[in-house]
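# model the structure of this input:
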Amino acid sequence: QVQLVESGGGLVQAGGSLRLSCAASGRAFRNYNMGWFRQAPGKERDFVAAIDWRAANTYYVDSVKGRFTISRDNDKNTLYLQMNSLRPEDTAVYYCAAEAGMGYRLDSKKEYDYWGQGTQVTVSS
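Predicted coordinates:
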């Protein structure tokens, strides 16, 4: 089992940047594929970005490509999401998640085994 704790959310103006972190504890973080999801009020929890356990491959939803960067530091047991050029539509609670399987569908929240509690990101216009 792995425990996940997000941090780094906050209020930022449109065009600004934030860096989210997800600290992992428990079983070896390096064995998990990792993802970021977000959920706006009244909406489904949607995929944002994912990275495989070796950091060899990254995946993004189209709306954040070129603006967000997912990365991980397996020595520090930490996942990151660098968010630049933020827009009001990026406002949501952001969740990190860990996937213990083969990583075939890292854009699907059903594939993930462990979730953090979320961190709020609010982008003002």
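# so what's the residue most central in space within the chain closest to, chain neighbours aside?
Centroid-nearest residue in the chain, with C-alpha atoms, centre = their mean: residue 36, separated by 2.1 Å. Spatial nearest neighbour of residue 36, chain neighbours left out: residue 48 (4.3 Å); criterion: C-beta to C-beta, 6 or more residues apart in numbering. Quick note: C-beta positions are derived from backbone N, CA and C, even for glycine.
# residue 3 versus that neighbour, what's the distance?
According to C-beta to C-beta, to the nearest Å, residue 48 and residue 3 sit 21 Å apart.
# if you count surrounding residues, which of those two has more?
Set side by side, residue 48 and residue 3 show more neighbours around residue 48, with 25 against 13, by other C-beta atoms under 10 Å.
# right, and the more buried one touches residue 65 too?
No: Residue 48 is not in contact with residue 65 according to C-beta atoms under 8 Å; the separation is 10.6 Å.
# can you give me the strands in the protein?
Using DSSP state E, the strands of the chain run over residues 2-7, 10-13, 18-26, 33-39, 45-51, 58-60, 68-73, 78-83, 92-99, 114-115, 119-124.
# okay, those in JSON lines with mean pLDDT and distance to residue 107 next?
As requested, the strands of the chain are exported to JSON lines (pLDDT from 0 to 100; distance: least, C-beta to C-beta, whole Å):
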{"stretch": "strand 2-7", "mean pLDDT": "96", "distance to residue 107": "18"}
{"stretch": "strand 10-13", "mean pLDDT": "98", "distance to residue 107": "25"}
{"stretch": "strand 18-26", "mean pLDDT": "95", "distance to residue 107": "17"}
{"stretch": "strand 33-39", "mean pLDDT": "98", "distance to residue 107": "8"}
{"stretch": "strand 45-51", "mean pLDDT": "98", "distance to residue 107": "4"}
{"stretch": "strand 58-60", "mean pLDDT": "97", "distance to residue 107": "6"}
{"stretch": "strand 68-73", "mean pLDDT": "97", "distance to residue 107": "12"}
{"stretch": "strand 78-83", "mean pLDDT": "98", "distance to residue 107": "15"}
{"stretch": "strand 92-99", "mean pLDDT": "98", "distance to residue 107": "11"}
{"stretch": "strand 114-115", "mean pLDDT": "97", "distance to residue 107": "15"}
{"stretch": "strand 119-124", "mean pLDDT": "98", "distance to residue 107": "20"}
